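[1] Just the structure for this:
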Amino acid sequence: MKFPPQLLLILATILWGGNFVIGRAVAGDIPPITLAFLRWCTAFIVFLPIVYRRTKKEWSMLKAHWPIVVILALTGVACFNTLVYIGVHYTTSINASLMNSSTPIIIYILSFIFLKEHLTKFQLLGTGLSLLGVLFIISGGSIESIVAFTFNKGDLVVLMAVFCWSVYSLLIKQFAGRLPGYSTFLVTIAIGAIMLVPFTVYELLKTTTTIYWSFSTISAILYVGIIASIVAFLSWNSGVVSLGANKASIYLNFIPLFASIFAVIFLGEDVLPAQIIGGLAIVGGVLLTNKK
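    Model prediction:
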């Protein structure tokens, strides 16, 4: 049975929206780096039999670009979700998902700085509008916080995560014709998980958070490792292939919507005026940058 690409893209954003909420929900039951490590170990175990033969055939392509593959593993696997899980210990999942929507804007800025790509007036206006939205969210709409430069440390950690994901996305875009998608994803999962090993060991030795093994904790690990990683990834890729990358990117704006709905229902988080205004500014900026 073939599903419409629009449905696949929406499904992926629903599952990714849930990832932010899960990270927040189990913050007191499992340390963040350990959660990220277990996520990618689970994803590797599930994804390996699916793409093993393909990876074996495409190994020479991966080997030819191994420095890029390592950077992809560092930014997209080891750093991004780890920083998100650390961030949601101190901020809300709604804030985290809203700031994640600024990824296209960070990509435009990085492209301008490092690739010398020309920015149109709409991209400049959109970038400015989205950055104002991010600033509005992390300041809680408080002018005093902006002037004093006092922000929630969780929000700042999530911004670091967004920067890492933007670097990852930019490299994926640049090397799309030279690196095979599924094989690259499998290998970056393996490398990223290995990178997390020493940090996970250190965290488990030093943390005051005792892992509380329960049905909900195990379910959370399975969700982020299988549903939010493999199922969402396959759904998104299938939708992008059918609809095109530019049209598909607009669907990423559904992530904070679904994350907010889940956060309100399951975590009892409140949607604040600053989040609504900042979120609309970010999404408006992204739409403006895509204007021809």
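
[2] what's the closest non-adjacent residue to residue 280?
    Sequence neighbours aside, residue 133 is the residue nearest to residue 280 in space, at 7.3 Å (criterion: C-beta to C-beta, 6 or more residues apart in numbering). Any C-beta I mention is one placed from the backbone N, CA and C, and that applies to glycine too.

[3] quick one: contacts for the one you found?
    Going by C-beta atoms under 8 Å, 6 or more residues apart in numbering, residue 133 touches 98, 102, 277, 278, 279, 280, 281, 282, 284, 285.

[4] Tell me which two of these sit farthest apart.
    Taking C-beta to C-beta as the measure, the contacts of residue 133 reach their widest spread between 102 and 277, a distance of 14.4 Å.

[5] okay, these two: which has more neighbours?
    Neighbour count, other C-beta atoms under 10 Å: between residue 102 and residue 277, residue 102 has more, with 26 against 15.

[6] quick one: contacts for the more buried one?
    Listed by C-beta under 8 Å, 6+ apart, the contact partners of residue 102 are 130, 131, 133, 134, 162, 282, 285, 286.

[7] which non-adjacent residue is nearest the first one?
    Of all residues beyond its chain neighbours, the one nearest residue 130 is residue 285 (3.0 Å), with distances taken as C-beta to C-beta, 6+ apart.

[8] out of the contacts of residue 102, which one sits closest to residue 200?
    Within the contacts of residue 102, the smallest distance to residue 200 is 22.6 Å, found for residue 162 (C-beta to C-beta).

[9] On the three-state scheme, the closest one is what?
    Of the three states, residue 162 takes helix according to DSSP: H, G, I helix; E, B strand; the rest coil.

[10] measure residue 140 to residue 152 for me?
    8 Å (C-beta to C-beta, to the nearest Å).

[11] So what touches the strand or helix carrying residue 173?
    Taking DSSP states H and E as the criterion, residue 173 maps to helix 153-174. The set of residues that contact helix 153-174 without belonging to it, under C-beta under 8 Å, 6+ apart, is 68, 71-72, 74-76, 79-84, 86-91, 95-96, 99-100, 102-103, 106-107, 110-111, 115, 134, 137-138, 179, 245.

[12] Mark which of the residues you listed are buried, thanks.
    The neighbour-count test (16 or more other C-beta atoms under 10 Å) marks 68, 71-72, 74-76, 79-84, 86-91, 95-96, 99-100, 102-103, 106-107, 110-111, 134, 137-138, 179 as buried among the contacts of helix 153-174.

[13] on that earlier part again, possible to save the contacts of residue 102 as JSON lines with secondary structure?
    As requested, the contacts of residue 102 are exported to JSON lines (three-state DSSP):
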{"residue": "130", "secondary structure": "helix"}
{"residue": "131", "secondary structure": "helix"}
{"residue": "133", "secondary structure": "helix"}
{"residue": "134", "secondary structure": "helix"}
{"residue": "162", "secondary structure": "helix"}
{"residue": "282", "secondary structure": "helix"}
{"residue": "285", "secondary structure": "helix"}
{"residue": "286", "secondary structure": "helix"}
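
[14] Could you export the residues you listed to a markdown table, including columns for distance to residue 199 and pLDDT?
    Formatted as a markdown table, these follow (distance: C-beta to C-beta, whole Å; pLDDT from 0 to 100):
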| residue | distance to residue 199 | pLDDT |
| --- | --- | --- |
| 130 | 31 | 84 |
| 131 | 30 | 82 |
| 133 | 32 | 83 |
| 134 | 27 | 82 |
| 162 | 20 | 91 |
| 282 | 30 | 83 |
| 285 | 34 | 83 |
| 286 | 32 | 77 |
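
[15] and residue 270, how many residues sit next to it?
    Neighbourhood size, residue 270 [other C-beta under 10 Å]: 10.
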